[in-house]
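**Q** Take this sequence and fold it.
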Amino acid sequence: MSNPSRDSLGRALALGLCLVALLATAGWFFFERFGAAHPPSTLAVVPAPPAPSPVPAVVRDVRATVIEVVGAVEWTHDGRWAALRVGHELAPDDSVRTSPGARVDLKVGDEASRLSIPERSEVRVGEVTRAVHNIRLQRGRIHVDYDGREDRVLRVQGEDGTVAETRAARFTMLRNGSTVAVATRGGSVNLSSAGVTVQVSAGQQSVVIDGAQPLAAEPIPLEVLLKVASKASARDSLCVSLSGQVRVGTEVFVEGEPAEVSRDGSFRVDVPRREGLGQVKVVAREPGGEIREKMMACRPPRARASPRQAESVKFRWDEAH
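**A** Numbering: from 1, shown residues only. Coordinates of the predicted model:
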């Protein structure tokens, strides 16, 4: 005879297994019907915000700073000329001019490079950045000692469009009337004018006349050429009349005043007579700075004719007529 409690337990177990199988079947049906058409959404990956850019350090404007002044030197700032002092900083479009016997030395930014502007010269500061240093030579000359760096360049421009460019050199640039000359003592300089560029290496010089193409670079002369002669003047108001010859690009000073030198290097000067002037000093200065001097004697005034004396006349009243 069967046990009633064991039969009840078996039926309950069978019913439970059937329920589990039914639930599994239903779950599979819903997954196949709806899950394939609507796959579960994937987790959206949100990129992290970019790191904030570092705040750039404040870069101070590059300026030309005055480090030495000799004699009377002026600068123009905001259109007014005033005395220049050590420590002054020159902004773009500021100009500097030197009087006879004066000189001013500049440095650009924190560079060790040095720009020296001698007497009777005028220079205007152009655009000055960490990559380009622009200087405009308006008259006279500028001596440059420029340290080499690959990330910046120096350009010295003349008023006629002539440009001297270098990354590292020691050179002098002269502008005298319509003549521009460059003499290089170290490194090399590219001298450009009228669409032509000439490389002026150490120990060489080149000249541009009237904005034409640069002349071929040639060795800097070891001696200064100065031929000068004097002749008596027909006017007593003149001490001496001078004429001479120098190389193209050479400056000539007569008694401290600049003389006009023509395109072929010739010059002529009449020196007025003045009290105490017995000799006339003539100075020739090559583009590189070499100097030669000559002294010319002042002509004595012509001897003036003495006043005509009255003739003696004797009358004899006792003579018969």
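**Q** which residues touch V156?
**A** With contacts defined as C-beta atoms under 8 Å, 6 or more residues apart in numbering, V156 is in contact with I135, R136, L137, I142, V144, V163, A164, E165, M173. Yep, even glycine has a C-beta here, placed from its N, CA and C like the rest.
**Q** do you know how far the third one is from P219?
**A** Same thing as L137. 23 Å (C-beta to C-beta, to the nearest Å).
**Q** So for these two, which residue has more residues nearby?
**A** Shown here are L137 and P219; by other C-beta atoms under 10 Å, L137 has more neighbours (22 against 9).
**Q** Who does the more buried one form a beta bridge with?
**A** For L137, the beta-bridge partners are V123, G158 (DSSP bridges).
**Q** Repeat that for V70.
**A** R103.
**Q** need the contact list for it.
**A** V70 neighbours (C-beta under 8 Å, 6+ apart): A102, R103, V104.
**Q** what number of residues lie near the closest residue to the first one other than its chain neighbours?
**A** What that stands for is A102. Closest residue to A102 apart from its sequence neighbours, by C-beta to C-beta, 6 or more residues apart in numbering: G71 at 3.0 Å. A count of neighbours around G71, defined by other C-beta under 10 Å, yields 12.
**Q** And A229, by the same measure?
**A** Neighbours of A229 (other C-beta under 10 Å): 10.
**Q** Now the nearest residue to it once chain neighbours are set aside: which helix or strand?
**A** Among residues not flanking A229 along the chain, S243 sits closest, at 5.9 Å (C-beta to C-beta, 6+ apart). Following DSSP states H and E, one finds S243 within strand 238-245.
**Q** what helix or strand does the residue nearest the centre of the chain sit in?
**A** The residue lying closest to the centre of the chain (C-alpha atoms, centre = their mean) is I135, at 2.8 Å. Assigned by DSSP H and E, I135 belongs to strand 132-146.
**Q** So what's the gap between that strand and the chain middle?
**A** The chain centre lies 4 Å from the centre of strand 132-146; the measure is C-alpha atoms, centre = their mean, to the nearest Å.
**Q** Tell me the helices and strands packed up against that strand.
**A** strand 114-117, strand 122-128, strand 153-158, strand 169-176 (3 or more C-beta pairs under 8 Å, 6 or more residues apart in numbering; DSSP states H and E).
**Q** now the angle from the longest one to strand 153-158?
**A** What that stands for is strand 169-176. 10 degrees (axes from the mean of the first three to the mean of the last three C-alpha atoms, to 10 degrees).
**Q** what comes up buried for strand 169-176?
**A** Within strand 169-176, the residues scored as buried using 16 or more other C-beta atoms under 10 Å are A169, R170, F171, T172, M173, L174, R175, N176.
**Q** got the residues you listed as CSV, with pLDDT columns?
**A** Output for these, formatted as CSV (pLDDT from 0 to 100):
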residue, pLDDT
A169, 94
R170, 96
F171, 97
T172, 97
M173, 97
L174, 96
R175, 93
N176, 89
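**Q** Looking at those residues, which one is closest to A183?
**A** T172 (5.0 Å; C-beta to C-beta).
**Q** Now stretch 257-266: buried residues?
**A** Buried, per 16+ other C-beta under 10 Å, within stretch 257-266: P258, A259, V261, G265.
**Q** these two touch, right, the first one and E251?
**A** In other words, P258. Yes: P258 is within contact range of E251, at 6.6 Å (criterion: C-beta atoms under 8 Å).
**Q** Report the set of residues contacting both of the two.
**A** Joint contacts of P258 and E251 (C-beta under 8 Å, 6+ apart) are N176.
**Q** Is G161 located within a strand, as I assumed?
**A** No: using DSSP: H, G, I helix; E, B strand; the rest coil, the assignment for G161 is coil, not a strand.
**Q** And the pLDDT for it?
**A** Looking at G161, its pLDDT reads 90.
**Q** Any idea how many residues pack against it?
**A** By other C-beta under 10 Å, the residues close to G161 number 13.
**Q** Grab the nearest non-local neighbour of it.
**A** In space, G161 is closest to G211, 6.0 Å off (C-beta to C-beta, 6+ apart).
**Q** list the contacts for that neighbour?
**A** Counting by C-beta under 8 Å, 6+ apart, G211 has contacts D160, G161, T162, S178, S193, A194.
**Q** Please tell me how far the fifth one sits from A112.
**A** I take that to be S193. 29 Å.
**Q** Now flag whichever of the buried residues of stretch 257-266 is closest to P118.
**A** For the buried residues of stretch 257-266, the nearest to P118 is P258 (12.9 Å; C-beta to C-beta).
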